[in-house]
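>>> Model the structure of this input:
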Amino acid sequence: MARTKPTHKNLILTIIALAQFMVVLDVSIVNVALPAIQKALHFSSNSSLQWVVTAYTLAFGGFLLLGGRAADLFGRKKMFVAGVSAFSIASLLTALSANSGMIEITRGVQGLAAAFMSPAALSILITTFKEGHERNIALSIWGGIAAGGAAAGVLIGGILTQYLSWRWNFFINVPVGIMVVAAALYYIDESDAGLEHRQLDIKGALFVTLGLISLVYAFIKAPTYGWTDHKTLEFFAASIVLLIAFVINERRVKHPLVPFSIFKIGNIAAANLTQLPVTACLYSMFFFVSLYIHEVLNFSYVKTGLAFIPVTIVIGVMASQMSKVVQKFGYKRPLMIAPIFMGGGLYWLSRIHVHGSYLTGVLPGLIIIAFGMGTIFVAITIAATSGVPKDKAGLSSGLLNTSQQIGGALGLAILSGVSASKSASYLTRHAHQVNNAAYAQVNGTKYAFLIGVLFAVLALIFATFLVKEDRSKKVKIDPSMVAL
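Residues are numbered from 1 along each chain as shown. Just a heads-up that it's a prediction; the model follows:
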């Protein structure tokens, strides 16, 4: 008996939004569990521990463009279902990790699966909702989920780690993934871009991914090896060669992974440049604040998670109002204002100390940053997709997701390197100080936050001078699309 698929588009949005929430969640959900993972799997240092986060974000960001192209060529629904299925299996294997090497590999596989799952979901959104008011409000919801998922992950991770085990941070993806796959198979129609070829630029994807991995690894190891050590310079050189090879390949290949002409459209280039420093400071903020609250302030895992509830609430409130703000003021003003909030919040956090207080030392900074997060992710998504032709919408969204993940990976690598270097120098100078390890950790964290402020300033500069907006064309919002 033939079934009738729903005509209510919000149901499809709910399905793909749940999948996106799961993807974003897995970036931050591990942050609270990191101390438990470090003890259970015997990580030697925080700089090596960060690969639990970085392996995921780097594989995710590196293969996003390939995943988006595969969705266009072989079917968006097919790639979405395959991505969610692989993500669930990788989550199960991550939960069963027996050592540090295994969890780093399985987290990378998770990121690879997410790279096929997320752009396929976004392509489904773009083809489901008509260009203009329908798509803008759907993208606003999408952007709110991206911002809120990062904050909610810390809370969920704290509860699961405290009452069950750190492994449940990954087990939880399995039943959710099964539910998403079942709903997608039943409710979502198959579609592709109608391209005449089926050629994937595998070589281009490998060049760009290996180049970025080499770059991040160089930043991670530089504090240990030394910035001018031959090993550090070799990784930087390898990164440069691989990325140049990627550019040459894209110019020569018949069907490139990234046609460079796309950067001439609308605000694609400006939005991606702005996104890089934004996520560079934000992903790192969750990493360092989680460790500080748990290890220095001695909060339990649950209390550490609960400490981020105000962030989730503020982001939710701000994101829910952004469609009205963009409709009235456009997207450029929010893009300029948000980095100011983020930089201010990071500066507040840079004043933490060993005997600090959550209420006065941490909470105000988190709330200020949350105002910026709830504002910028919605505005930047609309800016990156406004004025983009329908046949380029999927690629432009994939680029934005790529810059988000790569910015997060590079930011965490840079700030972790700075933190490790400053902590080590502090330990050398204060070898006989009581509780010197805690003081060294806080000293390194403070410098990381200050570098994060510079990232926020860079985002402000990009948004101010590069993002263009035609205010004669106001963004129209359909009120019927606001409620899910």
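>>> now the helices for the stretch 351-484 of the chain?
Ranges of helices in the stretch 351-484 of the chain, per DSSP state H, counting those that start in this stretch, are 363-385, 390-429, 436-465.
>>> avg pLDDT for the longest one?
Meaning helix 390-429. Averaged across helix 390-429, the pLDDT comes to 78.
>>> That one to helix 436-465, inter-axis angle?
150 degrees (axes from the mean of the first three to the mean of the last three Cα atoms, to 10 degrees).
>>> Packing partners of helix 390-429?
In terms of contacts (3 or more Cβ pairs under 8 Å, 6 or more residues apart in numbering; DSSP states H and E), helix 390-429 is packed against helix 46-49, helix 51-74, helix 100-128, helix 202-225, helix 268-291, helix 363-385, helix 436-465. In short, each C-beta sits where N, CA and C put it, glycine included.
>>> List the buried residues of it.
Within helix 390-429, the residues scored as buried using 16 or more other Cβ atoms under 10 Å are 392-423, 426-427.
>>> Same question for the last one.
Of the residues in helix 436-465, those with enough neighbours to count as buried (16+ other Cβ under 10 Å) are 438-453, 455-460, 462-463.
>>> was I right about S28 contacting F286?
Yes - if you go by Cβ atoms under 8 Å, S28 and F286 touch, sitting 5.0 Å apart.
>>> Let me know which of the helices and strands packed on helix 390-429 is the nearest to I188.
helix 100-128 (6.3 Å; Cβ to Cβ).
>>> relative to helix 202-225, how tilted is that closest one?
Orientation of helix 100-128 against helix 202-225 (the same axes, to 10 degrees) gives an angle of 140 degrees.
>>> Need the residue closest to the centroid of this structure.
Nearest to the mean C-alpha position of the chain, by Cα atoms, centre = their mean, lies Q405 at 4.5 Å.
>>> G67 is in contact with that one, correct?
No - Q405 lies out of contact with G67 (Cβ under 8 Å); the separation is 11.5 Å.
>>> where does the chain have its least confident helix or strand?
When the helices and strands of the chain are compared on mean pLDDT, DSSP states H and E, helix 46-49 comes out lowest with a mean of 67.
>>> How confident is the prediction for the nearest residue to I213 once chain neighbours are set aside, by pLDDT?
Nearest non-adjacent residue to I213, counting by Cβ to Cβ, 6 or more residues apart in numbering: L58, 5.9 Å away. What the model reports as pLDDT for L58 is 75.
>>> Same question for S44.
On pLDDT, S44 comes in at 68.
>>> on that earlier part again, adding distance to R167, write the helices and strands packed on helix 390-429 out as a markdown table.
Converted to a markdown table, those look like this (distance: least, Cβ to Cβ, whole Å):
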| stretch | distance to R167 |
| --- | --- |
| helix 46-49 | 16 |
| helix 51-74 | 13 |
| helix 100-128 | 10 |
| helix 202-225 | 25 |
| helix 268-291 | 18 |
| helix 363-385 | 27 |
| helix 436-465 | 26 |
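>>> ok, now how distant is A121 from N10?
Taking Cβ to Cβ, to the nearest Å as the measure, A121 and N10 are separated by 15 Å.
>>> out of those two, which sits in the more crowded spot?
The neighbour comparison of A121 against N10 (other Cβ atoms under 10 Å) goes to A121, with 31 against 15.
>>> so who does that one touch?
16, 19-20, 80 (Cβ atoms under 8 Å, 6 or more residues apart in numbering).
>>> Of those, grab the buried ones for ChimeraX.
Buried residues among the contacts of A121 (16+ other Cβ under 10 Å), as a ChimeraX selection:
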select :16,19,20,80
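>>> farthest pair in the contacts of A121?
Across these, the longest distance by Cβ to Cβ is 10.7 Å; it joins Q20 and F80.
>>> if we can go back for a sec, how close does the residue nearest to the centre of the chain get to V278?
Distance from Q405 to V278, by Cβ to Cβ: 12 Å.
>>> contacting residues around the closest residue to L450 other than its chain neighbours?
Leaving aside its chain neighbours, L450 sits nearest to S350 (5.0 Å; criterion: Cβ to Cβ, 6+ apart). Neighbour list for S350: 446-447, 449-450, 453 [criterion: Cβ under 8 Å, 6+ apart].
>>> and if you look at I156?
25, 29, 169, 172, 305.
>>> now those as JSON lines including neighbour count, distance to P364 and secondary structure?
As requested, those are exported to JSON lines (neighbours: other Cβ atoms under 10 Å; distance: Cβ to Cβ, whole Å; DSSP: H, G, I helix; E, B strand; the rest coil):
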{"residue": "L25", "neighbour count": "24", "distance to P364": "25", "secondary structure": "helix"}
{"residue": "I29", "neighbour count": "29", "distance to P364": "24", "secondary structure": "helix"}
{"residue": "N169", "neighbour count": "28", "distance to P364": "28", "secondary structure": "helix"}
{"residue": "I172", "neighbour count": "20", "distance to P364": "31", "secondary structure": "coil"}
{"residue": "G305", "neighbour count": "28", "distance to P364": "19", "secondary structure": "helix"}
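>>> Need these in a markdown table (columns: pLDDT).
Formatted as a markdown table, the contacts of I156 follow (pLDDT from 0 to 100):
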| residue | pLDDT |
| --- | --- |
| L25 | 77 |
| I29 | 78 |
| N169 | 88 |
| I172 | 87 |
| G305 | 80 |
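>>> Now the two most distant members of those residues.
So, these by Cβ to Cβ: farthest apart are I172 and G305, at 13.7 Å.
>>> doesn't G305 make contact with I159?
Yes - taking contacts as Cβ under 8 Å, I159 lies within contact range of G305: 5.6 Å.
>>> mind pulling up the phi and psi values for the residue nearest to L450?
Note on S350: backbone dihedrals following degrees, to the nearest 10 are phi -70, psi -10.
>>> Distance of it relative to N436?
20 Å.
>>> Equivalent analysis for N272, please.
42 Å.
>>> One more: S300?
Distance from S300 to N436, by Cβ to Cβ: 24 Å.
>>> Around L243, how many other residues sit close by?
Applying other Cβ under 10 Å, I find that L243 has 17 neighbouring residues.
>>> I would like the residues contacting stretch 84-103, please.
19, 22-23, 26, 37, 41-43, 48, 52, 106-107, 109-110, 112-114, 116-117, 167-171, 173-174, 176-178, 180-181, 184.
>>> Is there a quick ChimeraX command that grabs whichever of the residues you listed are buried?
Those of the contacts of stretch 84-103 that count as buried under 16+ other Cβ under 10 Å are selected in ChimeraX with:
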select :19,22,23,26,37,41,43,48,52,106,107,109,110,112,113,114,116,117,167,168,169,170,171,173,176,177,180,181,184
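>>> Am I right that the residue nearest to I213 is in contact with V216?
Yes - at 5.9 Å, L58 and V216 qualify as touching, with contact defined as Cβ under 8 Å.
>>> hey, what's in contact with both of those two?
Contacts common to L58 and V216, judged by Cβ under 8 Å, 6+ apart, are A409.
>>> Leaving out sequence neighbours, find the closest residue to N249.
G204 (4.9 Å).
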